[in-house]
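Colleague: predicted coordinates and the sequence they were generated for:
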Amino acid sequence: MSAQTAPRLFRHGYSAGVRLLVLVLAALALLFFDSRSKVLEPVRQVISTGLYPFQRLVAFPGDLAAEVNGWMNAAAMIRHENEALQRQRIELAQVSTLAAQLAIENGQLRRLLGVVDTLDESAAVVEVLYEPAHPFQQRLVFNKGSHDGIAPGMPVIDEGGVIGQIIRVTPFTAEAALLTDELVSIPVQTLRNGLRLITFGGNQPGQLEVRYVASNADIETGDVLVTSGVGGWFPAGLPVGKIEDIERDSASGFARATAVPLAHPERYRHFLVLKTDPQQSLSQEGQEVEPADAPAAPAQEEVAP
């Protein structure tokens, strides 16, 4: 009968320190062997190939976050660049428009200066502040008034001719009625034969009316009307309009003509206000008619009836 032995409750073997030392020595040996020989290179490549999918899978969240962040940064940069280019394009368009407008205004001011050189009266260059909105009145408000010597009744012209007449002034502004306004009447004469007429603001926008004309008057379509100088407010020779249509009524003995203005106040912002004085003009005309050094007329004897 075999002797009974006690069961082994604990396995006996090498201690953990000994196993660690053996593993460390084995690792050092493999490191030394690997550094001296290329025998393990295929094994390393196989292991690297097998681990690559796992490496990519582990790195995928970081790569995705970096890609999304780069895309968002690129989109924001492109958006900012587009906004900057759009703003620059608008600014360049405004600069180009302003330059073109300044060139046009410069040309008009040069032409106005040329008009001033041909006139004897002094003039003030005015700029349009605004145009009052009124369905039956045609007015312009300028940036100068009585402080600059402007008074009611003074004519307003551009390089094309008469555009209207000052009707109201304040110290720093002046309101002018256009020559097509119903309040304005201008003494004119035809440039072809000197026939004196009077133009009034027409019932139709942009038209003048020539009233109180005899039906047999020598007036034709296409006649150019200029100021006659009668009254003293408008100097003689300023272009006013051109006859467009004539209606003759033999029954009443009068004719009615319509004309179109030669000036274009809707195109410009700067105009000239002629500082005319009717009293001075009339006194000058009286001096021209009877000069001081003219010999006195002999007295005539009265003839008895």
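Modeller: All right, it came through fine.
Colleague: mind checking how far stretch 168-183 is from the chain centre?
Modeller: 25 Å (C-alpha atoms, centre = their mean, to the nearest Å).
Colleague: how is the chain divided into domains?
Modeller: 19-118, 123-281 (automatic domain parsing).
Colleague: the ones you listed: lowest mean pLDDT?
Modeller: Within the domains of the chain, the stretch with the lowest mean pLDDT is domain 19-118, showing a mean of 77.
Colleague: for that one, the distance to its chain's centre please.
Modeller: Using C-alpha atoms, centre = their mean, the offset of domain 19-118 from its chain centre is 41 Å.
Colleague: which helices and strands does the host helix or strand of residue 95 pack with?
Modeller: For residue 95, the host element (DSSP states H and E) is helix 41-118. Other elements packing on helix 41-118 under the criterion 3 or more C-beta pairs under 8 Å, 6 or more residues apart in numbering; DSSP states H and E are strand 123-130, strand 155-158, strand 270-274. The way it works is simple: take the backbone N, C-alpha and C, and place the C-beta from them, glycine included.
Colleague: picking that back up, turn the domains of the chain into CSV, columns for mean neighbour count.
Modeller: Formatted as CSV, the domains of the chain follow (neighbours: other C-beta atoms under 10 Å):
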stretch, mean neighbour count
domain 19-118, 10
domain 123-281, 17
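Colleague: where does residue 35 sit: helix, strand or coil?
Modeller: Counting by DSSP: H, G, I helix; E, B strand; the rest coil, the backbone at residue 35 sits in helix.
Colleague: show me what contacts it?
Modeller: Residue 35 makes no contacts at all, as judged by C-beta atoms under 8 Å, 6 or more residues apart in numbering.
Colleague: from residue 26, how far out is it?
Modeller: 15 Å (C-beta to C-beta, to the nearest Å).
Colleague: same deal with residue 127?
Modeller: To residue 26, residue 127 is 100 Å away according to C-beta to C-beta.
Colleague: likewise for residue 67?
Modeller: Per C-beta to C-beta, residue 67 is found 43 Å from residue 26.
Colleague: helices along the stretch 151-300 of the chain, start to end?
Modeller: Counting by DSSP state H, counting those that start in this stretch, the stretch 151-300 of the chain has helices at residues 278-289.
Colleague: all strands of it, in order?
Modeller: With strands called from DSSP state E, counting those that start in this stretch, the stretch 151-300 of the chain shows them at 155-158, 161-169, 174-178, 185-190, 196-201, 208-214, 224-227, 239-249, 254-261, 270-274.
Colleague: direction-wise, compare the fourth one with strand 196-201 and give the angle.
Modeller: Spelled out, that is strand 185-190. 130 degrees (axes from the mean of the first three to the mean of the last three C-alpha atoms, to 10 degrees).
Colleague: ok, the third one next?
Modeller: Using the same axes, to 10 degrees, the inter-axis angle of strand 174-178 relative to strand 196-201 is 110 degrees.
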